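Asker: model the structure of this input:
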Amino acid sequence: MKSIIGSLIIVCFCPLLGGLPIIDWLTYIFKGQKLSGMGTGNVSVSAAFYHGGTFIGILAVLSEAGKGIFAVLLARYFFPFQLPWELMALVALIMGRYWMGKGAGTTNLFWGIIVHDWAATFLTALISLSSFTIFRDRVTGRLLALFLLAFILTVRHPHDLNYIVLAWSLSGLMAWIFNQVPDDLSLPENGVKSSSKTMFKFFRGEKSLLSLNDKLDGNKVGNKAANLAYLRSLGYAVPNGWILLPGDDPQILLDYIDPSPEHPFVVRSSALGEDTENASAAGQYLTILNVTNQQELSAAILDCLAAYNHPHAVKYRQDRGQNDQGIALLVEKQVQGTFSGVAFSRDPVNPVNNCVIIEALPGNPDRVVSGKITPEQYQVAVYDQLENDAIKIQNLDRVKSRNVPDFIIEKVAMLARDIESIYHGIPQDIEWSYDGENLWILQSRTITNLQPIWTRKIASEVIPGVISSLTWSINKPLTCGVWGDIFKLVLKEKAENLDFSKTATLHFQQAYFNATLLGEIFRLMGLPPESLEFLTRGSKMTKPSLISTVGNLPGLLRLAKREWDVEKDFLKDYQKNFKPCLEKLQNQEINQLLLPEIIDNIEEILLLLKPATYYSILAPLSLAIRQALLKVSPEKLNNDATPEIAALQDLEKLAKETALLVDLANINCADDLFSTLENNHKGQKIVQQFNLIIENYGYLSDVATDISVPCWRDNPNLVKTLFTQLIFNINSTKSKRKKISSNWKIKQVQKRLDLKGQVTTVYSQLLAQLRWHFLALAEDLAERGFISKQEDIFQLTHAEILEIAKSEYQESISQIQTKINQRKEQFTTNKTLKNIPYVVYGNVTKIAENKLNSLDTNAQKIQGIGASCGQVEGYVKICRNLQEIGKITNNTILVIPYADSGWGPLIANAGGIIAEVGGALSHGAIIAREYGIPAVMNIDHATEIFKEGQRLKIDGQQGIIELVEN
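Answerer: Predicted structure coming up:
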């Protein structure tokens, strides 16, 4: 009985004991202030010393030490000979300390472990303190101490498995908490109570003098210094410099740095909050050049520090909602530049201009940024998609007086794009200087007006082309809502300040995803910013840091649980919700339904589309994760469960039967074929089977996610044309499919591929039903005079349609028709636009005239994503949609903007595939692999840069396209 009571007390009482905010109470009693509202808000011993002074700090130590000691003695009383319970009591105490008391529990642990095992504590403290004194890095020191503690406790109790598990769990819990709780030792030194300064300086653990050779944290030294240190660590030419931390005494720098006329220095601001993605603070603080002696250095430091509190700088921070976090200074060796300037990796004035913008002059960079002298401005095109980067200075004729050599401009342009790629594609504003030998980087920061960055690389595969009002009014809340739910599952409270409604938007009436927001989300999740493109398109991804992964482990485990259960959850939803609804809809005659019944069906479909969208996102991600982890190549998988392959196989089988039945010499088109078939008994059976295929796969279309695009059932003549081509090419396609082997790894991935196929089928069927119900609703609106023809309904939003149908709309019929006509005109205009950018910087509303990256450069090769192995030479056939079908043979290189499920019969006839978007998991890639057709994806503007009849060679494994001379 005693043991039961003891275990309950330890599990229930110790967390409450740990959560008691005694330190907060003490500070309030003696100082009249609450620690939870000061500094970082961390109610800790270090915060007590920092804000309350030595006396409050000592009381805080005594109170927290007492908690740790009491918890261990409590466990010892109930379990005198069971040491694991003492560790369990500390785990419970520290969990309560973190979740209720807003503290890390370091003091609890230290004194609790002393009572538990003084020898292990002494040995751990001795080794850790010695290491900390030498290396002066508190983060590393903490982790080392926790590792040593768990290791030493394990060595002292090697045969007690429960004890070992709890020892490592205790250390792991503390390591995780350290990564979550803000540290008051990171606050500026000038805010600490004078009685605590000696202790504060020692335990803050930073080296006496930080330089750009160190790994710097932008939250402590400002992003300007941190960015330069990072670039210097990567091997870029960055002049060395030293950092004065916020609030620190500048004498340490004055004692170390000795400027002279031969070796001048520059003093730069590196304020906390400066050079961020949302605020550059350009021109708000001071930079002082040509510091040549100690007196000038001292004065420059004081002037730069004083500039932080200048009224315009204070107002700048207030306007952007920034707190006064302090200013660090960077004292850097000054480069004696022969040519200097600034470079923008993207045009900050015209974001759709794809050139690097460079402003340059002879001499030091201050001549350019001062604004007193008009610099030479260059626009440099960098064709970085080509196998060998091509560079072209485009505006030489407009630069009136030239002093800067071409080779410097070209080097700067390449440098700007290199640095942009390092920062995951975020446009950079770079200050540079060339001294005759080296091209030096003096600053690199985000171009803030080009935020957020929007990308249609992924969106063009999910929902390609120009999008109607109705389609977007349905797809945007579904997409943003489901992605938001997934991210909230992982991030929990970290997601509170994220606006998931901004996950997607329209530019030029085409869908774009918010790459800036997604990058921020992935960083919060401990994943690299490019994770989404890796998972969905197979592009390269950097490895996440171990610390960030461990810190986000609970959220990632929640997501992993969803991934593990996705098949079980889908099958449950399918039986309970999807299947009954689809069967009901398929058995109804829509044209015989009353208006309220049509509206009810639409609402029911929309309710089901939310979980269907969830599965349509999670199933492909799950497939990509398993495929990457188990290293299973796409060629080893069977795609029969995907609707595009299943439909194609049924058509192909029927095409073989038809080829034996008709004389192809007398067949010129689809009408000839079906007229011939209707004239004999066996042919009529073929037609019946064809109609059954249309019935079974009638939900397929050019774009399954766009309900304004006709489905196979709406346009069977299109499928008849594709079917006719299959018959003519049947002899050339019959040997392409390969037998697939299997092992346990392949089987695991195959399950997810089959699931993806089932999800795609349900999702596409729901969207097709939604299209047909809206068209039925359109008949009623047309009869009442609101719209001229059925297709006009796609120019209205879902909310507008419901209000009109229910006679609740406020505008007159003529106003509604005017709105529809305006939207139709805008839709037509956007459909004719060429060269729409795949990446949009900032909130662009107008497309500018800009030239394509074409094949008339020196390079003859273009690099994309290899999606289906093999090499082939052939002639280009441009096909922007299924309505542009021409003659396709095995010598045809089919160039398409994208490929959805309905494209299968067209792709199967080609010799090779080039697509503007997509990766290894795209519909086009799946079909190409199934039929052994070489395919290259992800070629920007492929339908524009290639010409009809052009001869190309493509390598589907390496993803290379080569122009072949005719």
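Asker: where are the low-confidence patches of the stretch 851-966 of the chain?
Answerer: Under the criterion pLDDT under 70, the flagged ranges of the stretch 851-966 of the chain are 851-859, 883-884, 920-921, 965-966.
Asker: so where does residue 944 fall, helix or strand?
Answerer: helix 942-945 (DSSP states H and E).
Asker: now residue 645
Answerer: helix 643-661.
Asker: what residues does that helix touch?
Answerer: The contact list for helix 643-661, computed with CB atoms under 8 Å, 6 or more residues apart in numbering, reads 639-640, 673, 677, 682-683, 686, 689-690, 693, 696-697, 700, 719, 722-723, 726-727, 730, 733-734, 757, 760-761, 764, 900-905, 908, 923, 926-927, 930. Every C-beta, even on glycine, is put in place using the N, C-alpha and C of the backbone.
Asker: what about residue 752, how many neighbours?
Answerer: Residues lying near residue 752 (other CB atoms under 10 Å) number 22.
Asker: same deal with the one 4 residues further on?
Answerer: Other residues lying near residue 756 total 24 when counted by other CB under 10 Å.
Asker: is it true that it touches residue 620?
Answerer: Yes. Shown here, residue 756 and residue 620 form a contact pair, counting by CB atoms under 8 Å, at 5.5 Å.
Asker: buried members of the contacts of helix 643-661 into ChimeraX, please.
Answerer: Buried members of the contacts of helix 643-661, defined by 16 or more other CB atoms under 10 Å, are picked up in ChimeraX with:
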select :639,673,677,683,686,690,693,697,700,719,722,723,726,727,730,733,757,760,761,764,900,901,902,903,904,905,908,923,926,927,930
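Asker: how near is residue 772 to residue 398?
Answerer: Residue 772 sits 56 Å away from residue 398, going by CB to CB, to the nearest Å.
Asker: out of these two, which sits in the busier spot?
Answerer: residue 772 (21 against 9).
Asker: how far does the helix or strand hosting the more buried one sit from the chain's center?
Answerer: Secondary structure from DSSP H and E places residue 772 in helix 744-783. Offset of helix 744-783 from its chain centre (CA atoms, centre = their mean, to the nearest Å): 26 Å.
Asker: need the contact partners of the helix or strand that that helix is followed by.
Answerer: As assigned by DSSP H and E, the chain's next helix or strand after helix 744-783 is helix 798-805. Helix 798-805 has contacts (CB under 8 Å, 6+ apart) with 470, 473-474, 595, 599, 606, 774, 777, 780-781, 786, 793, 796, 808-810, 816.
Asker: for ChimeraX, write the selection for the buried entries among those.
Answerer: Burial among these is assessed by 16+ other CB under 10 Å; the matching ChimeraX selection reads:
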select :470,473,474,599,774,777,780,781,786,793,796,809,816
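Asker: now the helix holding residue 645: mean pLDDT?
Answerer: Confidence for helix 643-661, expressed as mean pLDDT, is 88.
Asker: for that helix, output the C-alpha coordinates as PDB.
Answerer: C-alpha atoms of helix 643-661 as PDB (Å, rounded to 0.1, in the frame of the first residue of the first chain):
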ATOM      1  CA  PRO A 643      -6.300   6.000 -62.200                       C
ATOM      2  CA  GLU A 644      -4.100   7.300 -65.000                       C
ATOM      3  CA  ILE A 645      -2.500   3.800 -65.500                       C
ATOM      4  CA  ALA A 646      -5.700   1.900 -64.900                       C
ATOM      5  CA  ALA A 647      -7.600   3.900 -67.500                       C
ATOM      6  CA  LEU A 648      -4.700   3.700 -70.000                       C
ATOM      7  CA  GLN A 649      -4.400  -0.100 -69.600                       C
ATOM      8  CA  ASP A 650      -8.100  -0.500 -70.200                       C
ATOM      9  CA  LEU A 651      -7.900   1.700 -73.400                       C
ATOM     10  CA  GLU A 652      -4.800  -0.100 -74.500                       C
ATOM     11  CA  LYS A 653      -6.400  -3.500 -74.100                       C
ATOM     12  CA  LEU A 654      -9.400  -2.400 -76.100                       C
ATOM     13  CA  ALA A 655      -7.200  -0.800 -78.700                       C
ATOM     14  CA  LYS A 656      -5.400  -4.100 -79.300                       C
ATOM     15  CA  GLU A 657      -8.800  -5.800 -79.900                       C
ATOM     16  CA  THR A 658      -9.900  -3.000 -82.200                       C
ATOM     17  CA  ALA A 659      -6.700  -3.100 -84.300                       C
ATOM     18  CA  LEU A 660      -7.400  -6.700 -85.200                       C
ATOM     19  CA  LEU A 661     -11.000  -5.900 -86.200                       C
END
